[in-house]
Structures are given as structure tokens and as C-alpha cells.
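**Student:** Compute the structure for the input listed below.
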Amino acid sequence: MAEHDRWQNMRTAPRDGSRILVTIRPSEQGPGAVDLAYWSKGDQFGEGGWRSSDSAPGLIIEYTEPELKCWMPMPSAELDHMTVPAWQGRSEEELDGSGI
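**Tutor:** Model (predicted):
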């Protein structure tokens, strides 16, 4: 396993807006989890911080530094190293359940 494929301390996480995987510490709100997040620069309304990638305007999920334990880069989609799905090559009619 390459070093960049391992969980790393949040102090080393990129703060350039790129999406990364983060581990969220367990708390009274729920168990620990993994989320897709990015660093958002501050604007006239507030400081920068870690935000969930699925946040939407007006519904922003923001994490405080102590909530996040570690990070990992997003896995790459190297098509040459991927296996072919078992369903590849079958007709669309077989896959959509129309024969049922």
C-alpha cells in the first residue's frame, strides 16, 4: 500500500479545495464515520473550514478541527487496473428487469 493510500493526520490535509476522505470522530451525535469533504476558504460571512462535499447553499455541513481525525486522498479510477463487471456485455433488456 502506497503512503498516499493510508490515513494521514489532518494537519497534513490539503486546503486547496480538493475533495478528500475524512474520518469523523464518534460523538454524542452518533458513531464515527467517513465522509467526503473539502476545505472551503473564508468569505465576508465567516472563516474557512472543512465542509461536507454534499453540502448545498443554505444547508452547509461544516466540521470543526477536533471532529476530524484523519484524511486520505480520493482513490483514483485507473481503468487499466479495474476488473470488468460481471454484467458487462449483457443486453440492457436483461439488466433492467423488463423480462420479469
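**Student:** Run through this protein and note the low-pLDDT ranges.
**Tutor:** 1-4, 79-100 (pLDDT under 70).
**Student:** what about the strands in it?
**Tutor:** 8-9, 20-24, 33-40, 49-52, 62-63, 68-73 (DSSP state E).
**Student:** got the ones you listed as a markdown table, with mean neighbour count columns?
**Tutor:** Yep, even glycine has a C-beta here, placed from its N, CA and C like the rest. A markdown table is the format used below for the strands of the chain (neighbours: other Cβ atoms under 10 Å):
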| stretch | mean neighbour count |
| --- | --- |
| strand 8-9 | 12 |
| strand 20-24 | 19 |
| strand 33-40 | 16 |
| strand 49-52 | 18 |
| strand 62-63 | 16 |
| strand 68-73 | 16 |
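**Student:** thinking residue 27 is in contact with residue 68, fair?
**Tutor:** No - Residue 27 is beyond contact range of residue 68, at 11.5 Å (criterion: Cβ atoms under 8 Å).
**Student:** Good, wrapping up.
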